[in-house]
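my questions concern the predicted model and sequence given below.
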Amino acid sequence: MSKGSENASPGFLVWRLSTKWRVAVDRAVTPLGLTHAQYALVASLYGMQRRGERPSQRRLADHTGLEPLYVSKLARSLESAGLLERTRDPRDPRAVQLALTEQGQARTRQAIEVVQGLLQQLLAPLGGLGSARTRDFTRELTTLLDVPLDPFVNDSESDADIRTHDSESEHRQAEHRQSDDGQSDKEQS
């Protein structure tokens, strides 16, 4: 186990793991002229195109979990690089459809190969990409990702946690003041 992780919360560990993997993917795809976010977008688009879809920016944002505005920004930069094309949806002139160019498909295939090798390395402690432990891990992550985020669900719990934390902090400060007072009394005598 990583130093200092034995008492860490699951949220902290998920954050650390996602940061570690994001950095690793960024480094792996940089030689291909991509960032991790661009890779997530083109790899998702590649899979959707293989299934015959030509998704809108909004659909791709929903699929990747990225904000629609960020997807739009990424799509523009990838379009400038010649890797994808953006066209108006004939059914909805407000929507923009995305498709990889031939160059974009070739670059994405290269990136997918690189990232698959990286995933094999990162998942080696679980037995590799195709192992039963990795499949279990994937199911657990999917379960967590399927939980809807409702910012109002935990407001009362969060408020209670803050009050408890504030109360505990005040109590510790009072104890500290008492011990400081006690020490200064002894020092004065």
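In hand now; what should we look at? Residues are numbered from 1 along each chain as shown.

distance check, Ala40 against Leu34.
The gap separating Ala40 from Leu34 is 10 Å, by Cβ to Cβ, to the nearest Å. In short, each C-beta sits where N, CA and C put it, glycine included.

of those two, who's got more company?
Leu34 (26 against 22; other Cβ atoms under 10 Å).

contacting residues around stretch 104-115?
25, 28-29, 32-34, 39, 42-43, 45-46, 49, 78, 82-84, 100 (Cβ atoms under 8 Å, 6 or more residues apart in numbering).

neighbouring contacts of the lengthiest strand in the chain?
Looking across the chain with DSSP state E, the single longest strand is strand 92-100. The contact list for strand 92-100 (Cβ under 8 Å, 6+ apart) reads 42, 45-46, 49, 54-58, 60, 72, 75, 83-89, 108.

how far off centre is it?
Mean C-alpha position of strand 92-100 versus that of the full chain (Cα atoms, centre = their mean, to the nearest Å) differs by 25 Å.

and the next element down the chain from that strand?
Counting by DSSP states H and E, the element after strand 92-100 in chain order, helix or strand, is helix 102-122.

I'd like the next helix or strand past that following helix.
Helix 102-122 is succeeded, C-terminally, by helix 132-145 (DSSP H and E).

restricting to C-alpha, output that next one in CSV.
The C-alpha trace of helix 132-145 is given here as CSV (Å, rounded to 0.1, in the frame of the first residue of the first chain):
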residue,chain,number,x,y,z
ALA,A,132,-11.0,-11.3,-12.9
ARG,A,133,-9.8,-8.8,-10.3
THR,A,134,-9.7,-6.1,-12.9
ARG,A,135,-13.3,-7.0,-14.0
ASP,A,136,-14.4,-6.9,-10.4
PHE,A,137,-12.6,-3.5,-10.0
THR,A,138,-14.3,-2.2,-13.1
ARG,A,139,-17.8,-3.3,-11.8
GLU,A,140,-17.1,-1.6,-8.5
LEU,A,141,-16.1,1.6,-10.3
THR,A,142,-19.1,1.4,-12.5
THR,A,143,-21.4,1.1,-9.5
LEU,A,144,-19.9,4.2,-8.0
LEU,A,145,-20.1,6.1,-11.3
